[in-house]
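Asker: Just a sequence and a predicted model for now, questions to come.
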Amino acid sequence: QVQLVESGGGLVQPGGSLRLSCAASGRTFSGYAMGWYRQAPGKERELVARISSGSTYYADSVKGRFFAARDNAKNTLYLQMNSLKPEDTAVYYCVADLSFIRIAQGNPAYWGQGTPVTVSS
């Protein structure tokens, strides 16, 4: 089992920045592919970023503004979000799986509880 706990969400003005964190416990963190999904009200869940050994994927909607990173020593995944837009408003979920393909396909084995991000003036 892997437990994932997100933090760092909140209210931010358009153009602002937030950094989300995801603390992982339960298994060897470095062996897992990790990612961030988001879901806005009334919309489908969207893969925002996926990070595995040697590669990182970003959705076109966030490319150049969001940056994912992992600290294996701290068992923590991060999502630095810059130049935030109102359309970035969503609940953000940290995910983990031994397979980055399952993360890409939308069915990773482990999900956090989500942290809400609201971008509004």
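Answerer: It's in. Numbering: from 1, shown residues only.

Asker: Pull the distance from stretch 36-52 to the chain's centre.
Answerer: The chain centroid and the centroid of stretch 36-52 are separated by 8 Å, computed with C-alpha atoms, centre = their mean, to the nearest Å.

Asker: Could you work out the end-to-end span of stretch 16-35 for me?
Answerer: Start to finish, the residues bounding stretch 16-35 are 22 Å apart (C-alpha to C-alpha, to the nearest Å).

Asker: Just the buried residues of that stretch, please?
Answerer: Residues 18, 20-24, 29, 32-35 are the ones in stretch 16-35 that count as buried (16 or more other C-beta atoms under 10 Å). Where you see a C-beta, it was placed from the backbone N, CA and C, and this is true even at glycine.

Asker: Tell me which stretches of this structure form strands.
Answerer: Assigned strands in the chain, in chain order: 3-7, 10-12, 18-25, 33-39, 46-52, 55-58, 66-71, 76-81, 90-97, 110-111, 115-119 (criterion: DSSP state E).

Asker: strands paired with the second one, and their directions?
Answerer: Sheet partners assigned to strand 10-12 using DSSP bridges are listed as strand 115-119 (parallel).

Asker: Just want the angle from the strand it pairs with to strand 18-25.
Answerer: Using axes from the mean of the first three to the mean of the last three C-alpha atoms, to 10 degrees, one finds that strand 115-119 and strand 18-25 are set 170 degrees apart in direction.
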